[in-house]
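*Asks:* pasting the sequence and the predicted model now:
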Amino acid sequence: MAVFTCLSVNAHKKNEPKKGILLVTFGTSYPEARKAFDNIEEEVKAAFPKVEVRWAYTSKIIRKILKKRGEQIDSPAEALAKMGEDGFTHVAVQSLHIIPGEEYENLKLTVNAFNKMPKGIKVAKLGKPLLFVHNDNEKLATFLSNKFEIKTDKKSAVLFMGHGTHHQANIYYPGFQSYLNLNSDRFYLGTVEGFPMLEQIIPRLKAHDIKKVVLTPFMSVAGDHAKNDMAGVEDDSWKSVLEKEGFETEVVLKGLAEYDEVVAIWVEHLKTIFEELTVEK
Ligand code: CO
């Protein structure tokens with residue numbers, strides 16, 4: 001009997017899962033924009049104090065720029081392979097993207113591929129991006145509305161700058177606009193590379209007799225797009241175009257991931273998959 005118990009204890013120890021977390025973002029080449037990522041890491045570590053947290057960037061261009069500066073950041077596939085080598089059996093991969101667009105879809109393919117590999121990690125699960133189901137949209141819209149309400153009045157509006165994409169998930173941007181409008185018609189969401197663009201927003205601002213526009217990023221970090229395309233001094237930045245159109249502007253250079261309430265939505269998605277990691281199907 002004693003021998004039997006001993007054996008089963010050993011067997012248990014050998015099969016004990018080693019769980020890890022991999023946070024995956026597009027990335028940024030702006031060191032000062034990374035405080036947004038530091039904030040995410042802080043919140044994730046607070047929610048999972050005993051779990052090792054690693055990072056990967058999906059953007060090859062950004063990884064290349066950082067490599068030239070002597071900094072090595074893994075792609076999701078590299079990070080998952082290393083985690084397998086380091087003995088992790090179960091990995092919760094959390095997408096830090098805003099919408100389920102191309103970056104997210106590609107990450108899903110990578111995570112699924114690792115689930116099919118004979119060695120390395122046994123189970124990898126992917127957490128949903130910031131906006132996925134109705135509840136996510138509602139929570140984010142409520143938070144942003146409360147946060148920026150103070151910036152709005154009869155003549156002032158807040159214009160969020162989203163990234164935008166050719167992917168069908170671009171519909172999340174005009175979709176999120178509807179959620180913002182539940183609270184106020186003083187909130188606008190435009191995109192740099194999708195729909196709607198600034199030129200489609202300006203007539204709406206004028207129709208509402210808006211005189212002042214507060215610009216702020218609808219991206220995880222206040223990086224290149226926020227600093228240049230949104231708030232830059234060049235003629236074609238949103239700030240310059242709006243000023244040329246006669247609007248007064250104000251810039252709030254803060255990425256979404258700098259707000260704990262926003263990070264909480266990602267952390268909630270992470271908790272969901274983390275719990276599912278070791279559940280037998
Ligand atoms: Co971009």
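*Replies:* That came in fine, so what should we check first?
*Asks:* low-confidence regions, the stretch 51-200 of the chain specifically.
*Replies:* Across the stretch 51-200 of the chain, nothing is flagged by pLDDT under 70.
*Asks:* state the helix or strand in which T142 lies.
*Replies:* helix 134-148 (DSSP states H and E).
*Asks:* who touches that helix?
*Replies:* For helix 134-148, contacts defined as C-beta atoms under 8 Å, 6 or more residues apart in numbering pick out 128, 130-131, 158, 160, 175-176, 179-180, 182-184, 187, 214, 216, 252, 259, 261-262, 265. Placement of C-beta: from N, CA and C, glycine included.
*Asks:* in helices only, show me those.
*Replies:* G175, F176, Y179, L180, E261, V262, I265 (DSSP state H).
*Asks:* ok, those residues vs S59, which is closest?
*Replies:* Of all those, S59 sits closest to V262, with 20.6 Å by C-beta to C-beta.
*Asks:* so the closest one makes contact with I98?
*Replies:* No - using C-beta atoms under 8 Å, V262 makes no contact with I98, being 9.9 Å away.
*Asks:* residues shared between the contacts of those two?
*Replies:* Common contacts of V262 and I98 (C-beta under 8 Å, 6+ apart): L130, L256.
*Asks:* the ones in helices among the contacts of helix 134-148, buried ones only, as a ChimeraX selection?
*Replies:* Filtering those down to the buried ones (16 or more other C-beta atoms under 10 Å) takes a single ChimeraX command:
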select :176,179,180,262,265
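*Asks:* now the strands for the stretch 51-200 of the chain?
*Replies:* 52-57, 90-95, 123-127, 156-162, 187-191 (DSSP state E, counting those that start in this stretch).
*Asks:* got a list of contacts for the last one?
*Replies:* Okay, so that is strand 187-191. By C-beta under 8 Å, 6+ apart, strand 187-191 touches 144-145, 148, 152, 157-165, 170, 173-174, 176-177, 180-181, 196-198, 200-201, 204-205, 218, 238.
*Asks:* how far away from the center of its chain is it?
*Replies:* Here strand 187-191 is found 17 Å from its chain centre; the criterion is C-alpha atoms, centre = their mean, to the nearest Å.
*Asks:* run the angle between it and strand 156-162 for me.
*Replies:* Strand 187-191 runs at 30 degrees relative to strand 156-162, counting by axes from the mean of the first three to the mean of the last three C-alpha atoms, to 10 degrees.
*Asks:* in its sheet, what does strand 187-191 sit against?
*Replies:* In the sheet, strand 187-191 lines up against strand 156-162 (parallel) (DSSP bridges).
*Asks:* before we move on, the earlier item: for the helix holding T142, which positions count as buried?
*Replies:* For helix 134-148, using 16+ other C-beta under 10 Å, the buried residues are D136, N137, K139, L140, A141, F143, L144, S145, K147, F148.
*Asks:* what's the answer for stretch 222-230, then?
*Replies:* Applying 16+ other C-beta under 10 Å to stretch 222-230 flags A222, G223, D224, H225, A226, K227, D229, M230 as buried.
*Asks:* identify the farthest-apart pair in the residues you listed.
*Replies:* Across the buried residues of stretch 222-230, no pair lies farther apart than A222 and D229, at 11.5 Å, counting by C-beta to C-beta.
*Asks:* show me the contacts for L198.
*Replies:* By C-beta under 8 Å, 6+ apart, the residues touching L198 are G190, W238, V241, L242.
*Asks:* kindly recompute the last result at 7 Å.
*Replies:* Residues near L198 by C-beta atoms under 7 Å, 6 or more residues apart in numbering: G190, W238, V241.
*Asks:* quickly note the distance from it to V279.
*Replies:* Distance from L198 to V279, counting by C-beta to C-beta, to the nearest Å: 46 Å.
*Asks:* please apply the same query to F187.
*Replies:* 40 Å.
*Asks:* these two: who's more crowded?
*Replies:* The residue with more neighbours, out of F187 and V279, is F187; 24 against 8, by other C-beta atoms under 10 Å.
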